[in-house]
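Colleague: Output the structure for:
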Amino acid sequence: MLLGIDVGTSSIKGMVMEEDGKILAVCARNYDVSFPRANQAEQDPRMWWEGLCQVMEELGEKCPKMKENLRGIGLSGQMHGLVAIDKEGTPVRPAIIWMDQRATKELEEINEKIPTQKQGEIFHNRVFNGFALPSLLWVKQEEPEVYEKIDKIFQPKDYIRYCMTGEAGTEESDASAALLMNVGKRDWAWEELELLGIRKDILPSLGKSWEIAGRVTEKAGKELGIRGGIPVVYGAGDQQAQSIGNGAVREGLLISNIGTGAQVSCYSKKDRYDKELRTHTFCHGIPDGYTIYGAMLSGGMSLKWMKNNILQAESFDQLSAMASETAPGSEGVIFLPYLSGERTPLMNPRARGMFFGLSIDQDRRHLTRAVMEGVTYALKSSLDILQGMGIDGKRILASGGAAQSPVWLQIQADILEKEVQVCKVKEQACLGACILVGVGCGIYADIEQACEKLVSYEDKIYLPNQKNQSIYREQYGKFQGLYENTKKFL
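Modeller: Numbers count the residues shown, from 1 in each chain. Presented below is the predicted three-dimensional model:
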């Protein structure tokens, strides 16, 4: 048996899988994001561990033989955030996660000391709020007494692995996504960090996603209900892990992932990045590979906002039913999904959401579909940039919560103008984590072989509808113009 764990923004999940790919059980525990002040987003790392202990208890009940048959543990997790521990391994403060927008002053300092062109050469990305680098600089300047307590920093899934093994470390996919790494050299960005006055000793060891980073301690084993000594690999960021879990381990395949945020991504053998720094290029969990993608901040979060804050609806299925009752284009209603600022392609933390085109005869059905369409328009903005970089494919592999909605899958096919297909395993990040640990333990020869054996797809393929495409092309032009013509008011 293999165990894949995904430390998400809204929940922590665990999946137990047989080595032949048979899924034995999937369990999850939900939790919330804390917003202590405007533009701040945090989570207590200990909440992730408590949630995992509950997940493991349930998995143990569903898989009684897990304790004796578990051969290894793989990890995936939300990216970009900052987790900092002291010498005793206790978090010195709540984790600052990817949704955070507080470090505006620190961004100005970084941009002054590391010009945009240099940021591209070193990080392959524009430094932006929510990434560990500006968040760490914020802690250094705003909470100096906390900064002095820091022994090591890493990302959310690394904290879970630390609790399991007692070994502090991270790996290339998450380190590059923290903007602490020279992506081309695949090593810490020592010179740039020194320029910003960041202590070198707080950086942990840097490994590969499939390498064994440590083994479960006896103490952690008792808390998790498993035996000590089980190997744990470094794992990967959730985007890279779900890419592996989708089988997108060769060029020519695209992924549309709509979870809390949303991304359009691909695997690349070549180290390349958008010279305007509108997209992201990070190291992959695949040896010597890279992931290139555009990311938006409020993907599924936009629909969750609609469900909870506006409609007080009972379920997402209810929203999908509403959207299916309205024609493509939502009768002219357009939604800008910039509820928390935006990354690709705007790179503007001050961007804000909007409904446009409302009339007296429209109702919640139009608004709900407009949210789905607006998120997909934003993803098309990312796809346009990737295509401009020479990256394209005939088919998109859809994942995340939106992949459970047939109406949203058809919207993606129509707006992105690609065939859309869904992986049979719904928890692709957990599957990717299982594949990584399977390679690390020698069960599979390599990631590509494991994907051929374990990844399969639903028979149904969502094909672009020509009539809908015509409607959406017109609406997409208006979507782009709305931001450009209103950004002066932000």
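Colleague: Output the longest helix belonging to the protein.
Modeller: What stands out as the longest helix in the chain, according to DSSP state H, is helix 364-388.
Colleague: and the angle from the following helix or strand past it to helix 364-388?
Modeller: On the C-terminal side of helix 364-388, the closest following helix or strand by DSSP states H and E is strand 395-399. Put simply, strand 395-399 runs at 130 degrees to helix 364-388, going by axes from the mean of the first three to the mean of the last three Cα atoms, to 10 degrees.
Colleague: Tell me which other helices or strands strand 395-399 touches.
Modeller: When contacts are defined as 3 or more Cβ pairs under 8 Å, 6 or more residues apart in numbering; DSSP states H and E, strand 395-399 packs onto strand 254-258, helix 406-416, strand 419-422. All C-beta spots, glycine's among them, are computed from the backbone N, C-alpha and C.
Colleague: Check these for me and report the most buried one.
Modeller: Per-residue neighbour counts averaged over each of these give the maximum for strand 254-258, namely a mean of 27 (mean count of other Cβ atoms under 10 Å).
Colleague: re the thing from before, would you reformat the helices and strands packed on strand 395-399 as TSV and include mean pLDDT and distance to G393?
Modeller: Formatted as TSV, the entries for the helices and strands packed on strand 395-399 read as follows, by pLDDT from 0 to 100; distance: least, Cβ to Cβ, whole Å:
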stretch	mean pLDDT	distance to G393
strand 254-258	94	5
helix 406-416	98	11
strand 419-422	96	9
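Colleague: Out of the ones you listed, which gets nearest to G21?
Modeller: When those are ranked by proximity to G21, the top entry is strand 419-422, at 16.6 Å, counting by Cβ to Cβ.
Colleague: now the next helix or strand after the closest one: mean pLDDT?
Modeller: On the C-terminal side of strand 419-422, the nearest following helix or strand under DSSP H and E is helix 428-440. Mean pLDDT, computed over helix 428-440, is 97.
Colleague: So which other helices or strands are in contact with the next helix or strand after helix 428-440?
Modeller: Toward the C-terminal end, the helix or strand that comes next after helix 428-440 (DSSP H and E) is helix 447-454. Using 3+ Cβ pairs under 8 Å, 6+ apart, the elements in contact with helix 447-454 are helix 428-440.
Colleague: Show me what counts as buried in stretch 330-345.
Modeller: Residues of stretch 330-345 classed as buried: 330-331, 333-345 (neighbour count, 16 or more other Cβ atoms under 10 Å).
Colleague: how far does that stretch stretch from start to finish?
Modeller: Using Cα to Cα, to the nearest Å, one end of stretch 330-345 lies 24 Å from the other.
Colleague: chain center to it, what's the gap?
Modeller: Going by Cα atoms, centre = their mean, to the nearest Å, the spacing between the C-alpha centre of stretch 330-345 and its chain's C-alpha centre is 19 Å.
Colleague: One more: stretch 377-395?
Modeller: Per Cα atoms, centre = their mean, the displacement of stretch 377-395 from the mean C-alpha position of its chain is 18 Å.
Colleague: quick one: buried residues of stretch 377-387?
Modeller: Going through stretch 377-387 with 16+ other Cβ under 10 Å, the ones that come out buried are Y377, A378, L379, K380, S381, S382, L383, I385, L386.
Colleague: where in the stretch 51-200 of the chain is pLDDT low?
Modeller: Segments of the stretch 51-200 of the chain classed as low confidence (criterion: pLDDT under 70) are not present in this model.
Colleague: what about the strands in it?
Modeller: Defined through DSSP state E, counting those that start in this stretch, the strands belonging to the stretch 51-200 of the chain, from first to last, are 72-77, 83-85, 95-96, 152-154, 169-171, 181-182, 187-188.
Colleague: among these, which is nearest Y267?
Modeller: Sorting the strands of the stretch 51-200 of the chain by Cβ to Cβ, the top spot, which is the nearest, belongs to strand 72-77 at 15.9 Å.
Colleague: Which residue ranges make up the domains of the chain?
Modeller: Listed by automatic domain parsing, the domain ranges of the chain are 2-239, 248-422+459-490.
Colleague: Is it possible to get JSON lines of the helices and strands packed on strand 395-399 that adds distance to A241?
Modeller: Rendered in JSON lines, the data for the helices and strands packed on strand 395-399 read as follows (distance: least, Cβ to Cβ, whole Å):
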{"stretch": "strand 254-258", "distance to A241": "11"}
{"stretch": "helix 406-416", "distance to A241": "21"}
{"stretch": "strand 419-422", "distance to A241": "17"}
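Colleague: Run a quick neighbour tally on N129.
Modeller: A count of neighbours around N129, defined by other Cβ atoms under 10 Å, yields 26.
Colleague: wait, doesn't it sit right on G341?
Modeller: Yes: with the criterion set as Cβ atoms under 8 Å, N129 and G341 qualify as a contacting pair; they are 7.2 Å apart.
Colleague: Span of stretch 246-261 from start to end?
Modeller: The first and last residues of stretch 246-261 sit 18 Å apart, counting by Cα to Cα.
Colleague: just for the stretch 251-400 of the chain, where's the confidence low?
Modeller: Applying pLDDT under 70 to the stretch 251-400 of the chain flags no residue at all.
Colleague: what's the first-to-last distance across stretch 26-38?
Modeller: Counting by Cα to Cα, you get 35 Å between the two ends of stretch 26-38.
Colleague: distance between it and the chain's centre?
Modeller: Averaging C-alpha coordinates over stretch 26-38 and over its chain gives two centres that are 15 Å apart (Cα atoms, centre = their mean).
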